[in-house]
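J.: Just the structure for this:
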Amino acid sequence: MSTQGYQVKEYHQPVKRYCQTMDLRDNPELIAEYRRRHSREESWQEILDGIREVGILEMEIYILGTRLFMIVETPLDFDWDTAMARLATLPRQQEWEDYMAMFQQCAEGATSDEKWQMMERMFYLY
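T.: Below is the predicted model:
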């Protein structure tokens, strides 16, 4: 856990941010394996390429206990519904979702968009 913060990419253009959450199954061994499968060495290149292909500039996932929090940054003209429908059709995407489902509290066969719940921004400083 970092109390130093995390560097954020500069895009030199306005972006918008989506924040989502999902819960993992409450099992320390499963959570450790879920973390391992999301490491640089274990993530599937086709999944990373697909995320970029639909127009996502950055995606970060944070964890606290069983709670996941994801931040997605996109260009201003990004359309979430269109991008998620496209993402679901890309090579190995559903295979990845099924591969991850054993760790997640989700319905069998769920797409990424069905698993992750959009959060509502209730405060901002700027």
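J.: Going along the chain, name the strands of the chain.
T.: If you assign secondary structure with DSSP state E, the strands in the chain sit at 15-23, 58-64, 67-75, 117-118.
J.: Return the most buried member of these.
T.: Among the strands of the chain, the stretch with the highest mean neighbour count (mean count of other C-beta atoms under 10 Å) is strand 67-75, at a mean of 17. To be clear about C-beta, it is placed using only N, CA and C from the backbone, and glycine gets the same treatment.
J.: Other residues contacting that one?
T.: Under the criterion C-beta atoms under 8 Å, 6 or more residues apart in numbering, residues 9, 11, 13, 15-24, 55-63, 83, 116, 119 lie in contact with strand 67-75.
J.: Strand partners (parallel or antiparallel) of it?
T.: strand 15-23 (antiparallel), strand 58-64 (antiparallel) (DSSP bridges).
J.: Would you convert the ones you listed into JSON lines that also reports mean pLDDT and distance to Arg36?
T.: As requested, the strands paired with strand 67-75 are arranged in JSON lines below (pLDDT from 0 to 100; distance: least, C-beta to C-beta, whole Å):
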{"stretch": "strand 15-23", "mean pLDDT": "97", "distance to Arg36": "18"}
{"stretch": "strand 58-64", "mean pLDDT": "97", "distance to Arg36": "13"}
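J.: would JSON lines of the ones you listed with distance to Tyr124 be doable?
T.: Formatted as JSON lines, the entries for the strands paired with strand 67-75 read as follows, by distance: least, C-beta to C-beta, whole Å:
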{"stretch": "strand 15-23", "distance to Tyr124": "10"}
{"stretch": "strand 58-64", "distance to Tyr124": "18"}
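J.: so what's Cys106 closest to, chain neighbours aside?
T.: Across the structure, with C-beta to C-beta, 6 or more residues apart in numbering as the measure, the residue nearest Cys106 apart from its sequence neighbours is Lys115 (4.5 Å).
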